[in-house]
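In: need a structure here:
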Amino acid sequence: MTAADRPARILIVDDERHNRTLLEVMLEPEGFVLSLATSGEEALVMVAKDPPDLVIMDVLMPGMTGYDVVGTLKGNVTTKHIPIIMVTALDDRDARIVGLSAGAEDFLTRPLDRAELCMRVRNLLRLKTASDGALAGRDNSMGMVSHDLRNLLHGIVLQTTMLADDASASTDNKEMVVGLKRILGFAGRMHRLVEDLVDVVSIDAGKLALEPARHVAATLLSEIVDASRLAAAEKGISIRSDTVDPSLMATFDRERILQVMNNLVTNAIKFTPRGGAIMLRCEGTDDGLVLSVSDTGVGIPGKLLDTVFERFVQVTHDHRGLGLGLYISQCIVQSHAGRMWVESTVGKGSTFYFTIPFMMTKPKLVPTSTASPP
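Out: Numbering: from 1, shown residues only. Here you go, the predicted model:
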């Protein structure tokens, strides 16, 4: 059975047993598969284990309110596409505005009308199905385009490398060699932009692929330092790593976490002046691994700290890149059930931190945090 053929799965979240039962009675005849949660905290655990097609959420609950849960779900890359209907006994315009501002798609007031409830549920499910189909079509198109672009870039790099090798054999072609190497640099930047755009499409579709396995963290840091040493040396920047416990291990997608570390180190090199230093660190805490990249660069103004992880945001106005690297990095970390934040002082440097649980199961649902750890 395909996803389109199976019954829609709906999660009902309400601390009152009577309200849960009433929603069950109204929705069961429609053929939906229903799950029940008695609190916001329980709902987050259930969504992490098996994301539903739609959530019906009470507003006023002990502990996490419906607003809190909606904000958490909509702030997480793996669950932001799940439509949410908020239900309350409050016939209050402000309550509706708060709920919709939190990200809920619809809002109903008790007492509920069964026909209206079912109609709204089906409308949202239909919109979600259409949206999923559009995203799938976009994914296919992006996949074909990116494949063709990769092949063309590969041909450009191959031919340019061959010309550069031939030109290097003669002392009369120094300017040509410089020009050809510049072309190779442009091609490398184009390749990174293509990969970033493909990642953004995957993130938007909730399909960021992960292949988690057990790895030693110190090895990861050493690999990044080795790969970045030449680029740092060209700017006169020192780079090294420090691991409190070289035997620390965790479960993560090695290539994806390397991508995060490479993004952070590349930015550190880019914004650190000659003579500066970059330090990579890893330590174990109760939350799992905490990895960080510190630099002695220009720093980030305080007013921008809350925006650096947003897509297409650039700290400077030199237009070096599309401003996707930190956004993608945060999404990768969130998909590992971790969190990411930055601390910075203008003129002294920045430190980007992120966590990885020692054992990764399902993504932990946490609100996006940018400036400081929760």
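In: in the protein, which helix is the longest?
Out: The helix spanning the most residues in the chain, taking DSSP state H as the definition, is helix 114-168.
In: off-centre distance for that helix?
Out: Computed by CA atoms, centre = their mean, to the nearest Å, the chain-centroid distance of helix 114-168 equals 17 Å.
In: helices or strands next to it in the packing?
Out: For helix 114-168, the elements it packs on are helix 17-27, strand 54-58, strand 84-88, strand 106-109, helix 174-204, judged by 3 or more CB pairs under 8 Å, 6 or more residues apart in numbering; DSSP states H and E. For glycine as for every other residue, the C-beta is placed from the backbone atoms N, C-alpha and C.
In: who does the fourth one pair up with?
Out: Just to be clear, that refers to strand 106-109. Here strand 106-109 has these sheet partners by DSSP bridges: strand 84-88 (parallel).
In: show me what the following helix or strand past the partner strand is packed against.
Out: Sequence order places helix 93-102 as the next helix or strand after strand 84-88, per DSSP states H and E. With contacts taken as 3+ CB pairs under 8 Å, 6+ apart, helix 93-102 sits against helix 66-74, strand 84-88, strand 106-109.
In: got the angle for helix 93-102 vs strand 54-58?
Out: 140 degrees (axes from the mean of the first three to the mean of the last three CA atoms, to 10 degrees).
In: now do the buried residues in helix 93-102.
Out: Across helix 93-102, burial judged by 16 or more other CB atoms under 10 Å covers 95, 96, 98, 99, 102.
In: tell me the gap between stretch 180-191 and the middle of its chain.
Out: 27 Å.
In: coming back round to it: turn the buried residues of helix 93-102 into JSON lines, columns for distance to residue 8.
Out: What follows is the buried residues of helix 93-102, written out as JSON lines (distance: CB to CB, whole Å):
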{"residue": "95", "distance to residue 8": "27"}
{"residue": "96", "distance to residue 8": "24"}
{"residue": "98", "distance to residue 8": "27"}
{"residue": "99", "distance to residue 8": "22"}
{"residue": "102", "distance to residue 8": "23"}
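In: just for this structure, where's the confidence low?
Out: Under the criterion pLDDT under 70, the flagged ranges of the chain are 1-5, 90-91, 133-143, 146-147, 171, 205-207, 312-322, 360-374.
In: and the residue nearest the centre of it?
Out: By CA atoms, centre = their mean, the chain has its centre lying nearest to residue 331, at 1.0 Å.
In: and that one, which helix or strand is it part of?
Out: In the assignment (DSSP H and E), residue 331 maps to helix 325-335.
In: for the next helix or strand along the chain from that helix, name the packing helices and strands.
Out: Using DSSP H and E, the helix or strand that follows helix 325-335 in sequence is strand 340-345. Contact here means 3+ CB pairs under 8 Å, 6+ apart; on that basis strand 340-345 packs against helix 325-335, strand 349-356.
In: I'd like the ones you listed as TSV, with distance to residue 21 appended.
Out: Below are the helices and strands packed on strand 340-345 laid out as TSV (distance: least, CB to CB, whole Å):
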stretch	distance to residue 21
helix 325-335	35
strand 349-356	40
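In: any idea which of the ones you listed gets closest to residue 170?
Out: Among the helices and strands packed on strand 340-345, helix 325-335 comes nearest to residue 170, with 38.6 Å by CB to CB.
In: who's in contact with that closest one?
Out: 76-78, 196, 199-200, 203, 208, 210, 253, 256-257, 259-260, 263-264, 266-267, 308-313, 339-340, 354-356, 363, 366, 368, 370 (CB atoms under 8 Å, 6 or more residues apart in numbering).
In: give the burial count for residue 111, as a bare number.
Out: Here the number of neighbours of residue 111 (other CB atoms under 10 Å) works out to 7.
In: can you confirm it is in a helix?
Out: No. Per DSSP: H, G, I helix; E, B strand; the rest coil, residue 111 lies outside any helix segment and is coil.
In: okay, now residue 181: neighbour count?
Out: Using other CB under 10 Å, residue 181 is surrounded by 15 other residues.
In: make that residue 187, sorry
Out: Neighbours around residue 187, by other CB under 10 Å: 19.
In: shouldn't it be in contact with residue 158?
Out: No. Taking CB atoms under 8 Å as the definition, residue 187 is not a contact partner of residue 158, at 10.0 Å.
In: quick revisit: just give me how far the helix holding residue 331 sits from the chain centre.
Out: 4 Å.
In: use 19 as the first number from now on
Out: Sure, I'll start numbering at 19, so the last one becomes helix 343-353.
In: buried ones in that helix?
Out: For helix 343-353, burial by neighbour count (16+ other CB under 10 Å) applies to 343, 344, 345, 346, 347, 348, 349, 350, 351, 352, 353.
In: and stretch 181-197, end to end?
Out: Distance across stretch 181-197, first residue to last, is 11 Å (CA to CA, to the nearest Å).
In: sorry, back to before: mind putting the helices and strands packed on helix 111-120 into JSON lines with distance to residue 64?
Out: Converted to JSON lines, the helices and strands packed on helix 111-120 look like this (distance: least, CB to CB, whole Å):
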{"stretch": "helix 84-92", "distance to residue 64": "11"}
{"stretch": "strand 102-106", "distance to residue 64": "14"}
{"stretch": "strand 124-127", "distance to residue 64": "20"}
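In: switch the ones you listed over to a markdown table; also include mean neighbour count and distance to residue 143.
Out: Output for the helices and strands packed on helix 111-120, formatted as a markdown table (neighbours: other CB atoms under 10 Å; distance: least, CB to CB, whole Å):
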| stretch | mean neighbour count | distance to residue 143 |
| --- | --- | --- |
| helix 84-92 | 23 | 17 |
| strand 102-106 | 23 | 11 |
| strand 124-127 | 18 | 11 |
